[in-house]
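1. Take a look and give me a structure for this.
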Amino acid sequence: MLSDKTSRALDGVSKATLQTNVQVKHLFRIMTHSQDLWMMAYAKIASNSGALTKGVDETTLDGMSKARVDKIMMSLKDGSYEPKPVRRVYIPKKNGKMRPLGVPSSDDKLVQEVVRMLLERIYEPNFSNYSHGFRPNRSCHTALTQLRETWAGTKWIVDMDISGFYDNINHNKMVEILRKKINDEKFIGLIVKFLKAGYLEDWKFNETYSGTPQGGICSPILANIFLHELDIFIAQRIKSFDQGKLRKQSKEYSKIQSRILHRQDKIHVAEKYGGMFPEFLNELKGVVREMDQQRRKLSFYDVKDDSYKRMKYVRYADDFAISVSGSKENALQMMTEVKEFLKTELLLNVSEEKSGIHHIQEGFNFLGYHIRGQRQQTRTVKSRCGFRKDGSSYYGVRRTLTYSIGLEVPKEKIWAFCRDKGYLRLDKTPCKKPTLLHLNEFEIVSTYNAEMRGFANYYALAPASRLFLLEWAGFNSLIHTLACKRKLTCKQVRNSLKRGNDYFLPFERKGKTCYTKLFKIKDRLEKKSKYDLDTQPNTGIFTQQKYDLLKRLDKEQCEFCKKQGVPLEVHHIRRLKDLQQKKNKADWEIRMCSQRRKTMVLCSECHDQLHHGGLPSWKRDMYA
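-> Next up, the predicted model:
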């Protein structure tokens with residue numbers, strides 16, 4: 001928990017943040033006088049998979065202690081702190097190219113996390129509701145949900161891509177944007193040090209003149225701060241662009257509507273007086289039916305109504321799209337204005353190859369989904385379409401003008417996923433996965449379930465129809481793998497797993513027979529909750545969260561030998577699963593497995609012994 005002094009300082013930051021034209025001060029002082037803030041930052045990154053990833057100095061977060069934190073804070077105070085160059089690695093992109101990632105040193109990770117927490121405290125309440133990337137309680141799904149639920153009636157889509165965004169962020173422009181809200185040159189100077197720290201590739205130092213290193217803890221929020229200027233610009237353009245409350249009613253539709261109502265009035269009068277002239281009445285009803293069919297083919301609103309315009313916008317990191325309910329010329333003009341703003345104000349270029357204007361019926365790809373318009377054929381409206389026998393009016397149905405937004409799973413992504421995971425051969429027939437045959441059956445099923453569930457849950461906003469292709473490929477590949485392991489036929493394996501309409505694998509656990517279900521698309525998570533545009537960000541993250549690791553450190557007791565009042569260090573392991581699968585476990589490994597923790601708080605003596613041969617069993621609880 002944070003001390004009262006640190007909490008008051010952060011509350012002061014929050015108050016200044018919410019006031020317009022007020023700059024935040026004393027951030028560097030908060031950093032260098034709040035050990036509890038640093039320990040909370042450490043607790044946030046301690047469980048990350050990169051906690052044991054080495055930077056250029058070969059150090060990790062293993063062995064973290066309050067003394068080590070004090071040393072970093074002291075180097076910041078006396079100005080001797082200098083970030084180390086990041087270690088550059090490459091990971092494959094979906095298009096076959098490689099994406100560079102920077103791996104900071106362990107101390108730099110901790111400093112960046114403290115900086116990130118303070119920046120989040122300042123900017124998160126002011127970020128736009130159009131922004132969804134790398135923000136608390138927001139994700140790809142919130143961006144897609146906002147798009148689906150607020151873009152109805154869209155006609156044109158401006159889809160834009162920034163060329164090499166992370167590599168081309170101008171450092172001087174970044175500092176200029178930070179100074180709008182922050183009045184602390186030491187704090188800004190620390191961020192500049194990280195931007196200009198450079199990187200090592202094949203042990204050759206390279207300076208960085210622009211961009212933020214992908215992989216750095218500060219990079220996502222700095223990118224959001226930079227593109228917040230774009231959010232403000234587009235929000236202003238939306239205000240000036242939007243006009244009109246409703247579209248005008250189509251003249252052609254109104255003419256047919258009035259004719260139908262006029263003839264329905266005649267039918268009502270004729271039926272009221274006993275159905276006089278039945279042949280004429282039947283003929284009149286036939287005319288009304290024909291006119292009604294003609295009316296259903298027309299739009300209720302005037303498509304070419306220039307007095308009604310709407311614009312929408314959504315952004316996830318550097319991926320953004322703009323919808324225009326207007327003419328194509330309006331969309332072209334908006335695209336030109338955004339290009340000019342990015343080029344002149346943010347010094348960024350737009351990729352001409354990946355950017356374009358699409359009609360909503362054609363659709364476009366965004367965050368892995370294919371998004372296109374789906375016209376609803378009928379809709380209940382509150383307008384008089386006729387009379388009942390008792391004289392009361394009844395509501396009719398009309399064909400709508402607006403397109404609802406449909407989210408679809410691109411079929412090519414399903415095929416690519418199945419091929420990458422080894423479910424299918426090149427001829428698209430299911431096959432076994434030889435890489436899993438060394439595992440037991442429970443682990444094989446769990447692996448397949450996790451892979452298919454992850455893919456299906458990401459596409460939970462789309463209809464399940466195309467995902468049954470994934471279920472077919474994954475299920476049959478799993479059956480082939482189990483058949484190869486059991487040396488049976490696929491039919492025999494399938495019959496042995498079938499329980500009603502589903503399939504279950506029996507396995508033994510603590511002397512009891514348990515069952516794990518084979519994943520089906522119907523088991524995926526359903527994303528039915530409506531995205532709330534008025535949801536306020538959680539700015540109480542510093543006081544509301546409690547970390548178990550901090551409590552264990554505050555006890556000032558070694559968790560192995562129980563010695564008290566000694567300097568403590570935190571021992572990290574990379575994966576708890578590796579420890580659980582180990583056959584002959586030491587006492588400290590048994591304890592970590594039973595507590596299901598990746599960290600263990602030890603005194604300096606025990607920690608050194610663990611890294612130089614292991615902890616002796618006789619030392620366990622010797623000071624208890």
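2. my guess is P220 meets S131, correct?
-> No: with contacts counted by C-beta atoms under 8 Å, P220 stays clear of S131, the gap being 11.3 Å. C-betas here are computed from N, CA, C, even on glycine.
3. Among the two, which residue is more densely surrounded?
-> The residue with more neighbours, out of P220 and S131 and counting by other C-beta atoms under 10 Å, is S131; that gives 21 against 17.
4. With adjacent residues omitted, what lies nearest to S3?
-> Among residues not flanking S3 along the chain, D36 sits closest, at 5.3 Å (C-beta to C-beta, 6 or more residues apart in numbering).
5. What is the burial count for L347?
-> Around L347 there are 13 other residues, counting by other C-beta under 10 Å.
6. hang on, it packs against N170?
-> Yes: applying C-beta under 8 Å, one finds L347 in contact with N170, separated by 4.5 Å.
7. I188 sits in which helix or strand?
-> helix 185-195 (DSSP states H and E).
8. sec struct for the residue nearest to S3, please.
-> With DSSP: H, G, I helix; E, B strand; the rest coil as the basis, D36 sits in helix.
9. quick one: it from D11, how far?
-> 15 Å (C-beta to C-beta, to the nearest Å).
10. more neighbours, the two?
-> Shown here are D36 and D11; by other C-beta under 10 Å, D36 has more neighbours (17 against 13).
11. what's across from the residue nearest to R499 when sequence neighbours are not counted in the sheet?
-> Nearest-residue entry for R499: Y515, 7.7 Å, with adjacent residues in sequence omitted and distances by C-beta to C-beta, 6+ apart. Listed by DSSP bridges, the beta-bridge partners for Y515 are P506.
12. For Y515, give me its contacts.
-> Contact analysis of Y515 by C-beta atoms under 8 Å, 6 or more residues apart in numbering lists R499, F504, L505, P506, F507.
13. how much space between it and G474?
-> Relative to G474, and taking C-beta to C-beta, Y515 is found at 19 Å.
14. Centre-most residue in this protein?
-> S139 (2.6 Å; C-alpha atoms, centre = their mean).
15. who's in contact with that residue?
-> H132.
16. give me that answer again for 10 Å
-> Under the criterion of C-beta atoms under 10 Å, 6 or more residues apart in numbering, the contact list for S139 reads H132, G133, T145, Y316, L367, Y458.
17. Now, these that are in strands?
-> Using DSSP state E, the subset of these located in strands is Y316.
18. closest to I444 among the contacts of S139?
-> Y458 (22.5 Å; C-beta to C-beta).
19. I'd say that closest one and H141 touch.
-> Yes: the criterion here is C-beta atoms under 10 Å, and Y458 meets it with H141 at 8.2 Å.
20. Next, count neighbours for P125.
-> The burial count for P125: 14, using other C-beta under 10 Å.
21. Let me know the next secondary structure element after the helix or strand of the chain with the lowest mean pLDDT.
-> Every helix and strand in the chain was compared by mean pLDDT, DSSP states H and E; the lowest is helix 541-544, with a mean of 38. Next along the chain after helix 541-544, taking DSSP H and E as the criterion, comes helix 548-554.
22. and the gap between L469 and L424?
-> 10 Å.
23. same thing with Q236?
-> Counting by C-beta to C-beta, the gap from Q236 to L424 is 49 Å.
24. now stretch 109-121: mean pLDDT?
-> Mean per-residue pLDDT for stretch 109-121: 93.
25. sorry, that was for stretch 404-420
-> On average, stretch 404-420 scores 92.
26. Buried ones in it, by neighbour count?
-> S404, I405, G406, L407, E408, V409, K413, I414, W415, F417, C418 (16 or more other C-beta atoms under 10 Å).
27. No more questions from me, cheers.
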